[in-house]
Structures are given as C-alpha cells and as structure tokens.
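S.K.: sequence first, predicted coordinates after that:
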Amino acid sequence: MAWRSAYLDANAVIGALERDDGLQFSALLDIAQVADFYTSEITLHEVLVHPLRRGDRNLAAAFSAWFDTGSMLTVVPVSRPVLIRAAELRAGSSMKMPDAIHVASADLSNCDAVVSHDRRLHLPPPLERLDPTPRALDEWLRRT
C-alpha cells in the first residue's frame, strides 16, 4: 500500500468525533497507520462553535485535544501563503472563504484527497474528494 495523505474537512472531523455517521474515530486511527492526516486551524474554530453554544465543555475539550501537538493530525496554520492560495481559488469559483481556506490548506500540504461530506466542494486537480466513510477511505488507500 502506498503512503497517502488526506485533508480532513471540518464536517469530517465533526462526524468522526460527534456523530455516528460512518467515519468513526476508531476507523481514523486505523487509517492513520498508513496515511497522514491534515486539517486547518480554521477547522478548530468550526468544530468548537456548536459544543460551546450548547455548553458541552467535554466535547469542546475533546475537539481541542485532537488539535494538540502529538495528535494524528498535522494542523496547517492559516498563513499568508494559505490566504493567497485561497484567494486564487475563490477568484476562479464560487467558493466561500472557509472552504477556500480548507482547499488551499490541502493543496499547499500536497494532500492526495479531501475527506468531506460536501459534494459541491470545488477541488483543483489532482485533489479528489472522498466520502467520509471507512469503506471509501479503504478503497482510496488500496489504489496506487
């Protein structure tokens, strides 16, 4: 199996840690043995809003812990190069800023794929969108 890298969109992280929507945290841990995972600092903001709004400090702490150093994620800073690439992506599409930052972060991190529920996500080649399911990720990992 070739070593791969995937960018986790905020909705995939939420699904893995908060809902039982197919991509479970244990599946990510298994896949992390043969793939690198990336996400953006903006993902932390996106995943914290609803738990904090509901007063669910435990879930907010779980999300925050996932972004700590030493986790299975490489967290991409929202840097000037990311913002410039995001602006380039937005100029050529109807993407909103958060999506553009996610895609720019994946692109600049040389990821192979973006794991996301969002079927409308505009991705520049060679990035591909993957459904956030263990089966889709397993099939992706098996491709050369």
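M.R.: Great, that's in hand.

S.K.: from here on, contacts and neighbour counts on C-alpha atoms
M.R.: Will do.

S.K.: so how many other residues sit close to residue 58?
M.R.: Neighbour count for residue 58, taken as other C-alpha atoms under 10 Å: 11.

S.K.: looking at this structure, which helix or strand does the model trust least?
M.R.: Ranked by mean pLDDT, DSSP states H and E, the weakest helix or strand in the chain is helix 25-31, scoring a mean of 65.

S.K.: so which elements touch the helix or strand following that one?
M.R.: Reading on from helix 25-31 to the C-terminus, the next helix or strand found by DSSP states H and E is strand 35-40. Under the contact criterion of 3 or more C-alpha pairs under 8 Å, 6 or more residues apart in numbering; DSSP states H and E, strand 35-40 touches strand 4-8, strand 73-76, helix 97-108.

S.K.: may I see the buried residues of the longest one?
M.R.: For helix 97-108, the buried set under the neighbour-count rule, 16 or more other C-alpha atoms under 10 Å, comprises 99-107.

S.K.: okay, those residues in TSV with pLDDT next?
M.R.: Output for the buried residues of helix 97-108, formatted as TSV (pLDDT from 0 to 100):
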residue	pLDDT
99	95
100	96
101	97
102	96
103	97
104	97
105	97
106	97
107	97
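
S.K.: my guess is residue 111 meets residue 129, correct?
M.R.: No: counting by C-alpha atoms under 8 Å, residue 111 sits too far from residue 129 to count as a contact (10.9 Å).

S.K.: so what angle separates the directions of the helix or strand where residue 140 lies and strand 4-8?
M.R.: Secondary structure from DSSP H and E places residue 140 in helix 134-142. Here helix 134-142 points in a direction 150 degrees away from that of strand 4-8 (axes from the mean of the first three to the mean of the last three C-alpha atoms, to 10 degrees).

S.K.: no more questions from me, cheers.
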